[in-house]
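Asks: no FASTA, just this:
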């Protein structure tokens, strides 16, 4: 039964969309999340994904369209606006980034709720479904959504690949990059936009509330296993896809197991394991090595 | 005795005040994002306590939720304390995991009860007056009773530990050497945050809890340098956001909690732009003022150098400033006018001359 379900994940039409869609999301957000974590902007993803909500509602109110692409475009614009306001607040005032993040997260989300409650009063029947962006609705993914994910995610990945040397330098040592004359500001905007892309892709599957985990957890897990950025980025993509696959599988096995939260839990478990046993860095691994050293020291 | 309308406003005002008190210290201690984590994970505490006690009225729910908030903070510290993960990433790892667990537990084991995840995030302040309890013969909305409790407790804690909190916030090293344990102060504050979040989120939703804890103190921080004034201003701003949000929501018939968060954000935006000394506009004006004052000094120095010289007619002509000092024509006009108004220079025909005052200024430089 368990194995049967695993095959069904790829043969059954609905399940296949859910599985492939989640894995795409896991891989893309895992890969792009590395840059957020390395640049100490882990929680920027959390703030931006909450901030996407008013964009979704506004896109619907302005265009009357409910198709994925329009709504996600609105989400991207709102998330980017939030990120830019955040950077402006931190740069021009004494407010530190933690307060700016929490403030923008709550205020944009609150404004999104205002717009959503306004949308819900509209007589048009088409308004249903906007709320699914709160927690995501992986089960509702259709083939068109997968193509939309690829269409949005592909260019973002291509940009990272093209500017790989610069992106790498800026992720680790922005001051050195600046001294070399690289347009660091422009690349920072590029990297932030790329994170927006990852968020926008994840909104349908895991929703605004849990999206930050999909950005942070794969990157943190991958970081424990390697010191090379190339390896880390690929590992994070792999971890993201693996967690998404197991999440989709587990939620297909049981009843009333929403895919989004299960994926996040699977990803958290992977991260916890990495933090414990990864060679060189893992907590248990370090303790084990200490014990070995202590024993060999006693033996001599 | 009170109409539901008045009760809703009273609840909102009290919860806003209760949230801003610990919020001031969250903002000053750079821990604002912990309010995000705590306000989400208390849900897990409630669910676990419900599954154990099998009742939604059990006091265990309250205890479990507060404890889970503190456990969240502790977990974040354990993860970031391992030095494998930075603190912000640790927050982003811990709370989505605990929140996901809560969402799954609810949908699987507690789906038929009042705990639905939407209302946790969004809250439904309009329904708060219908959830009533009677205490000592007084019939009150539950949220009003618990909100007042949280406000009074926070106010007492603040009054008792004001000195310690202030010292530990602005000079943690000195506080530690004087024997105030940073851990006790930290966890005391976090318990207060957690308790307030638990009390408030039932009525207003976890997102508004974050907004009320962070936005009013951040706004006040732009307006004053003194801690007592910042606390007072924060409470006032929080109350103003709650009341104005309520009326905007009624006027447009939209989500009350959302409108309050939006008003808190608009208040912050206004302070960010127009705060008397720290606002964007004030900063720009100060910058322009400094630049112009400096330019006037340059002008007097230039005139002093060429005073009485044979080429004074050329050198001291306003048009020459544009070439010599590389000023834009409009800027040169403005500076000459400003210097004239301040009594540093006067015009003799086309040529600019220093006054006594202007000569003194230039010599002093």
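Replies: Everything's here; your move. This structure is a prediction, so every number in the text was calculated from the model and none was measured.
Asks: where's the residue nearest to residue A:45 when sequence neighbours are not counted, which helix or strand?
Replies: Nearest residue to residue A:45, sequence neighbours excluded (C-beta to C-beta, 6 or more residues apart in numbering or on different chains): residue A:215, at 4.0 Å. Using the backbone N, CA and C atoms, a C-beta is placed for each residue, glycine as well. When elements are assigned from DSSP states H and E, residue A:215 belongs to helix A:184-225.
Asks: check contacts around the residue in chain A positioned nearest to chain B.
Replies: Closest to chain B within chain A is residue A:110: 2.4 Å, counting by C-beta to the nearest C-beta. Residue A:110 is in contact with B:207, B:208, B:211, B:257, B:258, B:259, B:260, B:261, B:262, B:264, B:265, counting by C-beta atoms under 8 Å, 6 or more residues apart in numbering or on different chains.
Asks: nearest spatial neighbour of it, skipping sequence neighbours?
Replies: residue B:261 (2.4 Å).
Asks: that neighbour is in contact with residue A:105, isn't it?
Replies: No: contact between residue B:261 and residue A:105 fails when scored by C-beta atoms under 8 Å: they sit 9.9 Å apart.
Asks: overlap in contacts, these two.
Replies: The contact lists of residue B:261 and residue A:105 share residue B:207, where a contact means C-beta under 8 Å, 6+ apart.
Asks: related to what we said a few turns ago, which of the contacts of residue A:110 fall in helices?
Replies: B:207, B:208, B:211, B:257, B:258, B:259, B:260, B:261, B:262, B:264, B:265 (DSSP state H).
Asks: which parts of the stretch 151-300 of chain A sit against chain B?
Replies: Proximity of the stretch 151-300 of chain A to chain B, by C-beta under 8 Å from any C-beta of the partner chain, involves residues A:209-210, A:212-213, A:215-217, A:219-220, A:223-224, A:254, A:256-258, A:260-262, A:264-265, A:268, A:271, A:275, A:281-283.
Asks: and residue A:173, how many neighbours?
Replies: The local packing of residue A:173 (other C-beta atoms under 10 Å in any protein chain shown) involves 12 other residues.
Asks: ok so, going back, buried sites along the helix or strand following the helix holding residue A:215?
Replies: Scanning forward in sequence from helix A:184-225 by DSSP H and E, the next helix or strand is helix A:229-253. If you call a residue buried by 16 or more other C-beta atoms under 10 Å in any protein chain shown, then helix A:229-253 has these buried ones: A:229, A:232-252.
Asks: residues contacting the residue in the stretch 201-350 of chain B positioned nearest to chain A?
Replies: Chain A sits closest to residue B:261 of the stretch 201-350 of chain B, with a gap of 2.4 Å, by C-beta to the nearest C-beta. When contacts are counted by C-beta under 8 Å, 6+ apart, residue B:261 is found next to A:106, A:107, A:109, A:110, A:111, A:113, B:207, B:208, B:211, B:212, B:215, B:245.
Asks: picking that back up, and the ones in helices among the contacts of residue A:110 as TSV, adding distance to residue A:133?
Replies: Formatted as TSV, the ones in helices among the contacts of residue A:110 follow (distance: C-beta to C-beta, whole Å):
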residue	distance to residue A:133
B:207	14
B:208	19
B:211	19
B:257	18
B:258	15
B:259	20
B:260	21
B:261	17
B:262	18
B:264	23
B:265	20
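Asks: any chance of these in a markdown table, plus pLDDT?
Replies: As requested, these are exported to a markdown table (pLDDT from 0 to 100):
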| residue | pLDDT |
| --- | --- |
| B:207 | 87 |
| B:208 | 89 |
| B:211 | 95 |
| B:257 | 90 |
| B:258 | 92 |
| B:259 | 94 |
| B:260 | 95 |
| B:261 | 95 |
| B:262 | 96 |
| B:264 | 96 |
| B:265 | 96 |
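Asks: how far off helix A:184-225 does the helix or strand harbouring residue A:52 point, in degrees?
Replies: Per DSSP H and E: residue A:52 is located in helix A:42-63. Put simply, helix A:42-63 runs at 120 degrees to helix A:184-225, going by axes from the mean of the first three to the mean of the last three C-alpha atoms, to 10 degrees.
Asks: by contact count, what packs against helix A:42-63?
Replies: helix A:13-38, helix A:68-92, helix A:97-120, helix A:132-135, helix A:184-225, helix B:32-53, helix B:87-109 (3 or more C-beta pairs under 8 Å, 6 or more residues apart in numbering or on different chains; DSSP states H and E).
Asks: and the residue nearest the centre of the chain?
Replies: Let's take chain A. Closest residue to the average C-alpha location of chain A: residue A:215 at 3.2 Å, with C-alpha atoms, centre = their mean.
Asks: actually, chain B is the one I wanted.
Replies: residue B:218 (1.7 Å).
Asks: now do the contacts for that residue.
Replies: A:95, A:99, A:100, A:103, B:27, B:32, B:268.
Asks: counting neighbours, what do you get for residue 14?
Replies: Just so you know, I chose chain A. Residue A:14 has 13 nearby residues by other C-beta under 10 Å.
Asks: you answered for a different chain; I wanted chain B.
Replies: 25.
Asks: just the residues contacting stretch B:343-361, thanks.
Replies: Taking C-beta under 8 Å, 6+ apart as the rule, stretch B:343-361 contacts B:296-297, B:299-300, B:303-304, B:307, B:312-313, B:316-318, B:336, B:339-340, B:342, B:362.
Asks: that one: end-to-end distance?
Replies: One end of stretch B:343-361 sits 11 Å from the other (C-alpha to C-alpha, to the nearest Å).
Asks: what's the burial count for residue 95?
Replies: I'll assume chain A. Residue A:95, neighbours per other C-beta under 10 Å, totals 25.
Asks: not quite, go with chain B.
Replies: There are 27 residues near residue B:95, going by other C-beta under 10 Å.
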